[in-house]
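> Task: produce atomic coordinates for the following.
(one chain, ligands or ions: 1)
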Amino acid sequence: MLTTECNLKCRYCYGEALEDVDADFPDFEIDYCLPKRISYDVDSLDRFCRQHPDCVLTFYGGEPLLCVDEAKQLMDQVEAKHFLIQTNGLLLDRLESRYVNRFHMILVSIDGDEALTDFYRGKGAFTKVIINCWNNCYGANKHLRTSKMASKQ
Ligand code: SF4
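This is a model prediction of the structure:
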């Protein structure tokens, strides 16, 4: 995890979801103080990964591409068999193709069709994600999967 921050405010994420938890589990006390950014000792992470030949490094958040420089640094300096990323797709155009091409898999989350995705994520989110995937990932000839968030409208 690189950050708990996100450039979206999906209706079901964090705030609202945690309110439900509060209501459903009144006996639990939840610490909401999540760090905004998480940094790593790159050398230690590299040493750790080198011990495991099948090491897979997955970037997620929040939105990991808010930390594009940190992600690139890790990809440059950590020896992993594969790199994966779970992203909302809106910032994929921030990452140069030479990095996009190195991802074994890019998981892009949407909620379903355009109407449903825009309902949860904001108007225009669906189109922007599709355009970003088309422009930045499709040509990369990599595995691009769209993960649908489980949700009820
Ligand atoms: S894209 Fe993911 S992390 Fe960001 S607000 Fe939506 S569900 Fe939460």
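> Now the terminal residues of stretch 27-46, how far apart.
Stretch 27-46 has its terminal residues 41 Å apart, counting by Cα to Cα, to the nearest Å.
> That one near the ligand at all?
No. On the criterion Cβ under 6 Å from any ligand atom, stretch 27-46 is out of touch with the ligand, staying 11.5 Å away. To be clear about C-beta, it is placed using only N, CA and C from the backbone, and glycine gets the same treatment.
> Make 47 the starting number, not 1.
All right, first residue 47 from here; so that's stretch 73-92.
> Just the buried residues of that stretch, please?
Of the residues in stretch 73-92, those buried by neighbour count under the rule 16 or more other Cβ atoms under 10 Å are 91-92.
> And for that stretch, what's in contact with it?
Applying Cβ atoms under 8 Å, 6 or more residues apart in numbering, the set of residues contacting stretch 73-92 from outside is 47-51, 64, 67-68, 113, 116, 119-120, 123-125.
> which among the residues you listed end up buried?
Members of the contacts of stretch 73-92 that pass the buried threshold by neighbour count (16+ other Cβ under 10 Å) are listed as 48-49, 113, 116, 120, 124.
> And the furthest pair within these?
The two members of those with the most space between them (Cβ to Cβ) are 49 and 124, at 17.5 Å.
> just to revisit the earlier point, max pairwise distance over the contacts of stretch 73-92: which two?
Across these, no pair lies farther apart than 68 and 125, at 42.5 Å, counting by Cβ to Cβ.
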